[in-house]
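1. model the structure of this input:
(2 chains)
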Number of protein chains: 2
Amino acid sequence: MLAQLRGSVIALNKSPFASMCPLPLQAVRLNDRFWAPRLQTNRSVMLPSQIQQCEETGRIDNFRRASGKKQIDFQGIYFNDSDVYKLLEAIAYAIAYEPNASLEAQMEAIIAEIAAAQQPDGYLNTYFMFDRAKDRFTNLRDMHEIYCAGHLFQAAVAHYRATGRTHLLDVARRYADLLYDKFGPNGQPGACGHPEAEMALVELARTTGEARYLELARCMVEARGRGVLGGSSYHQDHVPFVEQREFVGHAVRHLYLASGATDIVLETGDKAHLATLDALWQDLIQHKLYITGGAGSRYEGEAFGAPYELPDDRAYAETCANIALVMWCYRLLHLKADPIYADIMERALYNGVLSGISLDGEHYFYQNPLADRGGHRRQKWFGCACCPPNIARLLASLPGYFASANPSNQLYLHLYAQSEIRFSTSEGDVSLRVNTNYPWEGLIEIEVLDAPSHTTTLFLRIPQWAANATLHCNGNASADTAYPASGSYAKVALSGAPATIRLELSMPIQWIQSHPHVQNHYQKVALVRGPIVYCLEQADHSNTDPWDILLTHETTCQPEERPELLNGVTVLTGRGVALKRERWAGKLYAPYQPYEISHPVTITAIPYHAWANREAGPMTVWLPVL
Amino acid sequence: MLAQLRGSVIALNKSPFASMCPLPLQAVRLNDRFWAPRLQTNRSVMLPSQIQQCEETGRIDNFRRASGKKQIDFQGIYFNDSDVYKLLEAIAYAIAYEPNASLEAQMEAIIAEIAAAQQPDGYLNTYFMFDRAKDRFTNLRDMHEIYCAGHLFQAAVAHYRATGRTHLLDVARRYADLLYDKFGPNGQPGACGHPEAEMALVELARTTGEARYLELARCMVEARGRGVLGGSSYHQDHVPFVEQREFVGHAVRHLYLASGATDIVLETGDKAHLATLDALWQDLIQHKLYITGGAGSRYEGEAFGAPYELPDDRAYAETCANIALVMWCYRLLHLKADPIYADIMERALYNGVLSGISLDGEHYFYQNPLADRGGHRRQKWFGCACCPPNIARLLASLPGYFASANPSNQLYLHLYAQSEIRFSTSEGDVSLRVNTNYPWEGLIEIEVLDAPSHTTTLFLRIPQWAANATLHCNGNASADTAYPASGSYAKVALSGAPATIRLELSMPIQWIQSHPHVQNHYQKVALVRGPIVYCLEQADHSNTDPWDILLTHETTCQPEERPELLNGVTVLTGRGVALKRERWAGKLYAPYQPYEISHPVTITAIPYHAWANREAGPMTVWLPVL
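-> Sure, this is the predicted structure:
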């Protein structure tokens, strides 16, 4: 059994239906050029500025008001408590990964404000205080009350795992006990219009060993579709969860709900829930997922669209939905150990999630379109500020997503980056050094510095995109095959250190096409290399509008390292052509003519996640092929 | 000067800046196979059923409540009065065109309920009664109060013109006087969040000769962008009207506002307003107009999108917006006599407006998408029921859109249908018989049965799509040229009857392409013939999904008369190919391959306006070209 170290994103070490358990946060020490600087920016820029935003916008004052320390009006939106909780969760992960006295002190100060605001019966929501106390739990559908509670629980669990201190966990437990009494098996049917608490309650159960919280989570999932929330598909309340087969309505809500249900399956093995999860997964990956890992295509209702409804310039693809997808994939991966979940998780992480934050860590996207004319720019903050702390908590916890161990202490590597991985098992310590320039290069060399001497298996993810991968071992390691299949976990038998493993994932530039019923992608391709989706941006094409650029059947592209560009990226360069647009001056429609070419263009495709970090201008992911 | 006959859609005979004045409603007697049956359906099905809906949904009871005749709660939405007014307007046009004692009696009964609900000070809005009377005019932005007043004025004007009776007009005047006092030049700045009253007030001024109503309309247009309505572009309140250069926000609102401003320009010649109208027009036709004449592409906010943002399956293209476009075109046409306005008006009429109503007259579309999987079906009625009475009033008034006369009594024919046109001028009677099978055939023969003997000019619209038109005259008519230019009014000199004019508009099947920045239309075409836009529907393609059908460069299509189909349409038939979809089973993305063809397909394209009148199934207007 994997020893439980400080900090963990989800703790599955006792979950009976988990195939594996994530390594603790600090087991993976990232020292790469891609993620490590971003985690540093998170700690040094994002987290401090978000604390400041929460102060300046009255989000923390709302707690001071609730505890009677300040006589002021409630400020902002009724669900603003959740932003503070998410931020605390992020800080907890950050200090679990790397101690930081300043962040920790600020976290504890905020926690003190929160604890002081808790009511004698355990209730805690700064909106439903004083005059509004009478309205508690009267509008579960709209008021995000249990959603806020869920984020409190997540923060408390992360705080406890990071620090070992129980004072926020105690606050969470008191509130969870109240919720159990009200909405548990002996209470009234109830759930939140915005799912989230389901995941949180299962984690609270894992952390405290208190099975009632798991029971409550299950009651909440099963309350859907039974008339409690008004019956709308927006709230995933149109049918009971176990009858759901398609993603509908608000994307973040449905993905959080699916994540919570997956947590329940990890604990219970419930087959009816699992059948729904499998159907939802197929619906997502066959019909409703942007190539960037973005989810939820509609602005109206921040919702999933119909199958194949994946507009580019009006893609919603909310940062929070893309993060929710990562969280769901991560849970499914640990349930089933199927690398498809890591494939989609990686796709979202490197593209649709990461586009949510600027390179300087100071600006956020709420929506992540796949085409734009230059008007869509990141913002410092939002009135509804769900996305900024969500991306902060994901980045802070990211090292926890790289590796897991199964109950036999066999290690799975899901993601790759220059890093050191160290953890202890009951059979001894494991220490690896991963040398790679991933995601820009596919060569991954793993030095085994320490490992128990009995034979164990190391599982290395071979992404679906990596055809022709090769695997060679030296020392005490031996590979099952030198040519591991893409979309699998390659097996390496390891019997102690030293050993060297050399995995080479080929990274050709792929032209990816959409199902023909994605009507807006007819005869178009996206350029993808490894996990990275590329786009054309105006800043690299001074004389040609990216929306006028076509690829031809003669176009070939090459990767090119550009250390000076966008904090260091590998771009794709090649020759395309520009469409002649003169005949269209002043016209929207005209009789059909084959497109005429104006001039050849040297294209420079940048990673999608890095767009909108320079001067504003047109961008597009999908490129027509002439 | 054109003698004022009974009924007229807008009365421009005294408007100093009008280039021409519409003929009265009953001057054009339609006896064609396209419009005449639809007008009959309007009278026999739509109007009676809408009266019934207004009764059953409490819309008329709301007036009975307001007058104290019934002690009930207000029913429905706060702007529901407007639906009753629009319906009255429709009935007034219908009886102006063709007497109908039953409809007239029902109309008068409803008018009696309305008149009884008017308050002593002239106020009339059934929502703001009793407890809510204190809230009158306190939320002009959201509550549609002046919008409802506007529809009352339109109904009153139509009723007066149809019947010569003044009792509803008197109600309107009393309310308009109150509005003048409150929001006129000596009152406070005010306008409605939903424009409409501007048009109505100018018409009220034309009908009553009361200049104050024109003044008030102008005050309302000029109140925008000055802080009265909160400053949102949704309400077209982001900048003053004279600074507006782009269509933004709610489409119906902006098009009604533009229509009202055009009415003001027709009376005042105001150059600043005209500059805005010209810029808005260019923005619309260059960037924001569906090929069906649909306007407003976004579901969110029922709004205009960015330039070239014209999604097909998620087109909003609200029936009311498309009708508003017709109303605006009609006003611009009479201002400038430029046939481009008739071109766009005709495009909207035959496509995006007419799709709003089922062939049986019993079901309505609110949104008019250009592609669908079969889920979008017409409804009997809507909670927000703006569209049904809007299409009813347009159909009822349609004969008024066909022809106009300029101040020299020269006749303009804008639209063509089998019809008789008779009207009187101070110089004598005019009588024409138009023989044509338009819109299915382009041959138009005009027999001049009666005309003043002095020489006058007859202007015949040559649509923009009609290249190679020919024009031949006999008897007392002679054409300027036998080959009139498309997008012009051809001139025929006429010196009394008899005369025969033979205009032949060629109607080739056109493959129309969109500006390349309409990203979803890359390498796609729409099939258009004459004014009719075509689509493929599942019902005509038993073995192939229309979304899988491609045209090739070898495809040629032929028109084919199908009298038994969809009440008689001309379809387009030809050979296309079906895409092989096997490789896509279960996949959303895959490496690029040129599309493979499964089998040849005989395509049958039906008029877009007639879709969704058979079994539900996929439909698409835009077809890929292989």
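2. got a list of what residue A:94 touches?
-> Counting by CB atoms under 8 Å, 6 or more residues apart in numbering or on different chains, residue A:94 touches A:42, A:43, A:47, A:100, A:103, A:396. Every residue, glycine included, has its C-beta placed from N, CA and C.
3. beyond the one helix or strand it maps to, next helix or strand please.
-> Following DSSP states H and E, one finds residue A:94 within helix A:81-97. For helix A:81-97, the following helix or strand on the C-terminal side (DSSP H and E) is helix A:101-117.
4. following element in sequence after that next one, please.
-> Per DSSP H and E, the helix or strand that comes after helix A:101-117 is helix A:145-163.
5. which helices and strands does the strand ranked longest in chain A pack with?
-> Longest strand in chain A by number of residues (criterion: DSSP state E): strand A:488-504. Under the contact criterion of 3 or more CB pairs under 8 Å, 6 or more residues apart in numbering or on different chains; DSSP states H and E, strand A:488-504 touches strand A:443-450, strand A:456-462, strand A:470-479.
6. I'd like the average pLDDT over stretch A:589-601.
-> For stretch A:589-601, mean pLDDT rounds to 96.
7. up against chain B, what does the stretch 201-350 of chain A have?
-> Within the stretch 201-350 of chain A, the positions lying close to chain B (CB under 8 Å from any CB of the partner chain) are A:282, A:285-287, A:289, A:291, A:298-300, A:305-309, A:311-314.
8. returning to what we had before: out of the contacts of residue A:94, which touch chain B?
-> Applying CB under 8 Å from any CB to the contacts of residue A:94, none is adjacent to chain B.
9. quick one on the thing from earlier: how far is the longest strand of chain A from where the chain is centred?
-> 28 Å (CA atoms, centre = their mean, to the nearest Å).
10. any buried residues in it, and which?
-> In terms of neighbour count (16 or more other CB atoms under 10 Å in any protein chain shown), strand A:488-504 has its buried residues at A:488-492, A:494-497, A:499-504.
11. residues making contact with stretch A:240-253?
-> Contacts for stretch A:240-253 (CB under 8 Å, 6+ apart): A:193-195, A:221-222, A:224-226, A:232-236, A:238, A:254-255, A:257, A:261, A:272-273, A:275-276, A:279-280, A:283-284, A:288, A:295-296, A:301-304, A:316, A:318, A:320-321, A:324, A:386.
12. who does the longest strand of chain A pair up with?
-> strand A:443-450 (antiparallel), strand A:456-462 (antiparallel), strand A:470-479 (antiparallel) (DSSP bridges).
13. OK, contacts around residue A:432?
-> A:411, A:420, A:421, A:422, A:446, A:447, A:448, A:449.
14. can you rerun that using 10 Å?
-> A:28, A:403, A:411, A:413, A:419-423, A:446-451, A:458, A:494, A:497, A:499, A:501 (CB atoms under 10 Å, 6 or more residues apart in numbering or on different chains).
15. now do the SS call for residue A:335.
-> Here residue A:335 is helix, with the state taken from DSSP: H, G, I helix; E, B strand; the rest coil.
16. report the contact partners of it.
-> Contacts of residue A:335 (CB under 10 Å, 6+ apart): A:12, A:15, A:17-20, A:262-263, A:265-266, A:269, A:274, A:277, A:341.
17. go again with 7 Å.
-> Each residue near residue A:335 by CB atoms under 7 Å, 6 or more residues apart in numbering or on different chains is listed here: A:17, A:18, A:19, A:262, A:265, A:266.
18. what about the residue lying closest to residue A:45 once chain neighbours are set aside, how many residues close to it?
-> Spatially, and ignoring its direct neighbours in sequence, residue A:45 is nearest to residue A:361 (3.7 Å; CB to CB, 6 or more residues apart in numbering or on different chains). Using other CB atoms under 10 Å in any protein chain shown, residue A:361 has 22 other residues around it.
19. in stretch A:397-417, what counts as buried?
-> Neighbour-count burial for stretch A:397-417, counted by 16+ other CB under 10 Å, picks out A:397-406, A:409-417.
20. list the ones among those residues that fall in helices.
-> Judged by DSSP state H, the buried residues of stretch A:397-417 include residue A:397 as members of helices.
21. re the thing from before, can you lay out the strands paired with strand A:488-504 as JSON lines showing mean pLDDT, distance to residue B:614 and mean neighbour count?
-> Shown next, in JSON lines, are these (pLDDT from 0 to 100; distance: least, CB to CB, whole Å; neighbours: other CB atoms under 10 Å in any protein chain shown):
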{"stretch": "strand A:443-450", "mean pLDDT": "98", "distance to residue B:614": "58", "mean neighbour count": "18"}
{"stretch": "strand A:456-462", "mean pLDDT": "97", "distance to residue B:614": "50", "mean neighbour count": "22"}
{"stretch": "strand A:470-479", "mean pLDDT": "97", "distance to residue B:614": "57", "mean neighbour count": "18"}
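22. beta partners of the residue lying closest to residue A:372 once chain neighbours are set aside?
-> Spatial nearest neighbour of residue A:372, excluding adjacent residues (CB to CB, 6+ apart): residue A:619 at 4.9 Å. Partner residues in beta bridges with residue A:619, using DSSP bridges, are residue A:372, residue A:537.
23. just the mean pLDDT for stretch A:495-515, thanks.
-> If you average the pLDDT values across stretch A:495-515, you get 97.
24. next one: it to chain centre, how far?
-> With CA atoms, centre = their mean as the basis, stretch A:495-515 stands 22 Å off its chain's centre.
25. now the terminal residues of that stretch, how far apart.
-> 46 Å (CA to CA, to the nearest Å).
26. can you give me the end-to-end span of stretch A:241-261?
-> Using CA to CA, the end-to-end distance of stretch A:241-261 comes out at 9 Å.
27. so where is chain A shaky, pLDDT-wise?
-> A:1-7 (pLDDT under 70).
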